[in-house]
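>>> sequence and predicted structure below; questions after.
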Amino acid sequence: NAGVMQNPRHLVRRRGQEARLRCSPMKGHSHVYWYRQLPEEGLKFMVYLQKENIIDESGMPKERFSAEFPKEGPSILRIQQVVRGDSAAYFCASSPSGGVGYGYTFGSGTRLTVV
Amino acid sequence: SQKIEQNSEALNIQEGKTATLTCNYTNYSPAYLQWYRQDPGRGPVFLLLIRENEKEKRKERLKVTFDTTLKQSLFHITASQPADSATYLCALESTDSWGKLQFGAGTQVVVTP
């Protein structure tokens, strides 16, 4: 069981480019969550997805950010036209189902640097 | 607005002693309160979860208490070891927002031999 896999571990983008972050949940997990950790700040919820559905996107910035979790393949967090303020660690977590009162399994994160 | 507060100052403790961390919250009615450990450059690792109707939970050298009246959780690491050095995060989850954890900023623990 490889756990939650995120790639790439480190991503450098120039301002204005697109960043695509990938997350493969644990085997048997159908719920995926994305969080962002800005330097010197706590983890902030971004979006909660099930296969082919967005359940809660209340933490997603209104523009430039999108997320998907297709029927096949990993979940993708996409940031268009990146700006310096997008530099952060992005973590993905997964669970077998939602709201059943057990902890979440996090990946090691993708560290995005915008230059 | 909802607020979750953890000790911002690092907790320096001698090996073998008990480390006690605090998590206070306001304007929140969590169904579950969770504690995670985070090492530098890594993702959070789940440690313990306690429900709103539970007072105390234990796992090996870890103990969590939850007081919904005081809106506070205490996290204890007994017989601390240098390997326990990390940042510990408190996270809350409510019944109307499953999957949406609200994290505190974390408390760094440094255990010296």
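Ah, there it is. Numbering: from 1, shown residues only, chains lettered A, B, ... in the order given.
>>> B:K57 contacts B:W35, doesn't it?
No: contact criterion C-beta atoms under 8 Å: B:K57 and B:W35 do not qualify, at 9.5 Å. Every C-beta, even on glycine, is put in place using the N, C-alpha and C of the backbone.
>>> and the strands in the chain?
Defaulting to chain A. A:5-7, A:10-13, A:19-24, A:31-37, A:43-50, A:53-56, A:65-68, A:75-79, A:88-95, A:105-106, A:110-114 (DSSP state E).
>>> actually it's chain B I care about, not the one you picked
B:3-6, B:11-14, B:19-26, B:32-38, B:45-51, B:56-59, B:62-67, B:72-77, B:86-93, B:102-103, B:107-112.
>>> nearest to chain A, of those?
Across the strands of chain B, chain A has its closest neighbour in strand B:45-51 (3.1 Å, C-beta to the nearest C-beta).
>>> can you spell out which helices and strands pack onto the closest one?
strand A:105-106, strand B:32-38, strand B:56-59, strand B:62-67 (3 or more C-beta pairs under 8 Å, 6 or more residues apart in numbering or on different chains; DSSP states H and E).
>>> out of these, which is closest to A:L11?
strand A:105-106 (17.7 Å; C-beta to C-beta).
>>> which stretches of chain A have low pLDDT?
By pLDDT under 70, the low-scoring segments of chain A are A:1, A:98-100.
>>> how about the residues of it by chain B?
A:4, A:6, A:31, A:33, A:35, A:41-45, A:48, A:55-56, A:58-59, A:91, A:93, A:95, A:98-99, A:101-109, A:111 (C-beta under 8 Å from any C-beta of the partner chain).
>>> got a quick ChimeraX command for the buried subset of those?
Per 16 or more other C-beta atoms under 10 Å in any protein chain shown, the buried members of the residues of chain A next to chain B correspond to this ChimeraX selection:
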select /A:4,6,31,33,35,42,43,45,48,55,56,59,91,93,95,103,104,105,106,107,108,109,111
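>>> what sits closest to B:G99 if chain neighbours are left out?
Ranked by C-beta to C-beta, 6 or more residues apart in numbering or on different chains and with sequence neighbours excluded, the top spatial neighbour of B:G99 is A:Y48, at 4.1 Å.
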